[in-house]
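Enquirer: model this:
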Amino acid sequence: MKICLRYLGDPGYQQGIGQELGVSQATVSRTVDRIVNSIVAQSNEWLSFSTTNHELMRGQADMAKHV
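Expert: Residues are numbered from 1 along each chain as shown. You can find the predicted model right below:
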């Protein structure tokens with residue numbers, strides 16, 4: 001997970017990130033691919049988008065409460 005977060009936080013050269021974390025470039029590539037694909041596969045459970053104006057306005061009001 002650390003490898004993927006490091007790459008997503010600053011997507012530079014995979015080889016440089018691998019050297020920084022003590023792994024190969026191939027390991028960085030495989031790790032990022034597997035984790036991102038897993039997140040995408042489960043995204044329907046975690047993410048939803050407003051489809052009506054009412055839902056959009058309700059979402060904006062909810063966000064305003066947290067700011």
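Enquirer: ranges for the helices of the chain?
Expert: 2-9, 14-21, 25-46, 53-65 (DSSP state H).
Enquirer: Just send those back as CSV, with mean neighbour count and mean pLDDT too.
Expert: (Each C-beta comes from the backbone N, C-alpha and C, glycine too.) As requested, the helices of the chain are exported to CSV (neighbours: other C-beta atoms under 10 Å; pLDDT from 0 to 100):
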stretch, mean neighbour count, mean pLDDT
helix 2-9, 14, 92
helix 14-21, 16, 93
helix 25-46, 12, 93
helix 53-65, 10, 90
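Enquirer: Share the number of residues neighbouring Phe49, please.
Expert: The burial count assigned to Phe49 is 7, neighbours taken as other C-beta atoms under 10 Å.
Enquirer: Next up, the contacts around Gln19.
Expert: With C-beta atoms under 8 Å, 6 or more residues apart in numbering as the criterion, no residue contacts Gln19.
Enquirer: can you check Arg6 too?
Expert: Ile17, Glu20, Leu21.
Enquirer: Adding distance to Glu45, write those out as a markdown table.
Expert: Compiled in a markdown table, these are given as follows (distance: C-beta to C-beta, whole Å):
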| residue | distance to Glu45 |
| --- | --- |
| Ile17 | 29 |
| Glu20 | 33 |
| Leu21 | 30 |
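Enquirer: residue at max distance from the center of this structure?
Expert: His54 (27.8 Å; C-alpha atoms, centre = their mean).
Enquirer: and it, how far is that from Ala64?
Expert: Distance of His54 to Ala64, given as C-beta to C-beta, to the nearest Å: 16 Å.
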